[in-house]
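Student: Just to be clear, the model below is a prediction. Sequence and coordinates:
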Amino acid sequence: MVNVVLGVIGTDCHAVGNKILEIAFRDAGFIVHNLGVMVSQEEFIAAAIETNAEALLISSLCGHAEIDCRGLRERCIEAGIGDILLYLGGNLTVGESDFAEVKQKFTDMGFDRIFPPGIMPEDGIDALRADLRGRGLELEIPDV
Amino acid sequence: MSDLLLADIGSTFTKVCRVDVENSRLTATASSPTTVSTDVMEGLERACHEIDVDLENNAGMRLLACSSAAGGLSIAAVGLVPSLTAKAAEMAALGAGAKVVGVFPFLLTRNDLSQLEHLSPDLILLTGGTDGGDTEHIVSNARTLADVFADTPLVVAGNRAAHDELDTILQTWNAPVRATANVMPELGRLDLEPARTCIRELFLERIVVAKGMGHVRMRADLLLPTPDAVMRSLSALRDAWATAPASAATTRTPEPTTAPADEDCLMVVDVGGATTDVYSYGFGRPASPDIVYRGLPEPLEKRTVEADLGVRYTLAGLAEHMDTEYVIRDGGLTIAQLEHWVSVVSGNPSRLPASPVEQTADTALARAACHLAVVRHCGNLEEVWTPQGRTLVQQGKDLTHAALVAGTGGPAAHDVPPGAVPRAAVRRPGETGLLPRNPRIMMDRGYILWGLGLLVAADLPDCAAALAADHLVRA
């Protein structure tokens, strides 16, 4: 049983992708706690503590990810869940920019995985399975 | 014989009402000082005597009782995250009619333990973790509590994945323990009723006996904490008015409804000397799908207790939070008149208003307490500008469409003009709080709501609704 917390961070109310991710991760066997849209950093952290979550799956589609995510890793450390996996995906910046640069920026902020726009939910699921396996956690695959 | 007796054993007075169930009529009432120092049965028998009922000789007459004597039911709530399971535990305890003496999140510290010892709650409610979530905290807290509080009744309503480990720890508990469903089985979903039921069971089984109410318990067919009875009275109010068209206000055939619509929301406000209690019925979900809801969902039956908003013992807290200028304008008072009344009742809390000015000041303060307590009880709607434009964010219950607000207790029983106190629950222009906009204002001047709740709890909802229609007055 692996708990994950899902949500769209900051002043961002894009709700469709959030629902798709919830269904996809649930079907993949995770216990998904979906906080929905406009979720603050504090809400992500509180939810992770209560559910003993292995990962925070954060979406940001409005281009303000850098502001909304600033200090999240530090707050997790402060709250006693410093080793939680932090995933981030969506439209992370406004306008055209080099994804390698974007990725480096968020890696430096403490995110474990950063996903570009246009990927499929399976990419995130596979990555999470691999990361959990790396930590000695094997996920039971449900019979579909 | 279809008569039954209702009794409210309060901290000061014991009140009894005789009800003719067949004709749904209140036939007699009386009250007598509560005798908590000896056996509360004495005061109850004395009150019954005044209405020619002998509890021993009339052994066949049903007795439904509620009690807030000897400090009521005090509970300490233990949870994990303050905004999540600790909050849910507090809501469950309040909903069961308890006085929540402390809420303890995360790991219990030595300081928490000494505080707990000092508070000496009647019962501890232990929660923590969603089902399948965190087990570490609840298990560790159970171990900590087992060392010191094994003689305090305990309800465990946390992560079910921790049950096996908890079972082993709780085997050494001396007082009764109930393990039940999680107050928050998954993030953002509350399930408070199982915990409430266990709290009620332990209240009856153990706590009332410890408070010198063993004899009442043996005689009574039903015994609840008084706030629990008041909470249940809301369904009688709903049956009597909220679902009926305004023209048929005194209907005696209430229509049963299972899922309450928005217009079925209602509220009771009890402004007291030490606290102000607000009860609401209704989910109060966002009125439109465009509104984003944040925070914990709200229970259908919600009770909040404002321990710093009272009009006698906690005037200092009220004075700190109220808008004094508004209160003066609201009551047509001068600051000197208001200050005079505050100093009078601060020195002598049992003093009743003796002049029209004092009466006005008393009502103005009760209105301020009512409004502040209702603001804290209700949710609010915030406008947030996002890159996608304007978005509305709701937190807490939307009670703007509440059909009814009833005032009960102390100052609401003699407010001037009548209904002034519950009317203060109405939303003021410019407020972002989701307070009732245009409710029917009712007054419980005879102090009977607890009795209606007892009738509802005894499965006599029709009788309760009929008595509500007869004894509550529209302002």
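Tutor: Nice, thanks for sending it over.
Student: Alongside chain A, which residues does the stretch 301-450 of chain B contribute?
Tutor: With C-beta under 8 Å from any C-beta of the partner chain as the criterion, the stretch 301-450 of chain B meets chain A at residues B:384-388, B:391, B:393. Where C-beta positions appear, they are placed from N, C-alpha and C, glycine not excepted.
Student: Just the buried subset of those, please.
Tutor: By neighbour count, with 16 or more other C-beta atoms under 10 Å in any protein chain shown, those hold B:386, B:391, B:393 as buried.
Student: Show the contacting residues for the residue positioned nearest the centre of chain A.
Tutor: Among the residues of chain A, the one closest to the centroid is residue A:57, at 1.6 Å (C-alpha atoms, centre = their mean). Residue A:57 makes contact with A:4-7, A:21, A:25, A:87, A:89, A:124, A:128 under the criterion C-beta atoms under 8 Å, 6 or more residues apart in numbering or on different chains.
Student: run the last query once more with 6 Å
Tutor: A:4, A:6, A:87 (C-beta atoms under 6 Å, 6 or more residues apart in numbering or on different chains).
Student: Check those for burial and list the buried ones.
Tutor: Here, 16+ other C-beta under 10 Å leaves A:4, A:6, A:87 buried among these.
Student: How about residue B:143, nearest residue that isn't a chain neighbour?
Tutor: residue B:169 (5.6 Å; C-beta to C-beta, 6 or more residues apart in numbering or on different chains).
Student: burial measure for that neighbour, as a count.
Tutor: Counted with other C-beta atoms under 10 Å in any protein chain shown, the neighbours of residue B:169 add up to 18.
Student: That one and chain A: what is the separation?
Tutor: Going from residue B:169 to chain A by C-beta to the nearest C-beta, to the nearest Å gives 19 Å.
Student: Can you give me the distance of that residue to residue B:109?
Tutor: Residue B:169 sits 19 Å away from residue B:109, going by C-beta to C-beta, to the nearest Å.
Student: and chain A, which residues reach chain B?
Tutor: Proximity of chain A to chain B is confined to A:1, A:3, A:11, A:13, A:31, A:33, A:38, A:46-47, A:49-52, A:62 under the rule C-beta under 6 Å from any C-beta of the partner chain.
Student: Columns distance to residue B:415 on top of those, output as CSV?
Tutor: Formatted as CSV, the residues of chain A next to chain B follow (distance: C-beta to C-beta, whole Å):
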residue, distance to residue B:415
A:1, 55
A:3, 51
A:11, 44
A:13, 44
A:31, 52
A:33, 47
A:38, 41
A:46, 41
A:47, 44
A:49, 46
A:50, 43
A:51, 47
A:52, 51
A:62, 50
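Student: closest to residue B:319 among these?
Tutor: residue A:46 (33.6 Å; C-beta to C-beta).
Student: residues touching residue B:297, list them.
Tutor: residue B:190.
Student: now it, what's its secondary structure?
Tutor: Recorded secondary structure, residue B:297: coil (DSSP: H, G, I helix; E, B strand; the rest coil).
Student: Check what pLDDT it gets.
Tutor: On the pLDDT scale, residue B:297 is placed at 91.
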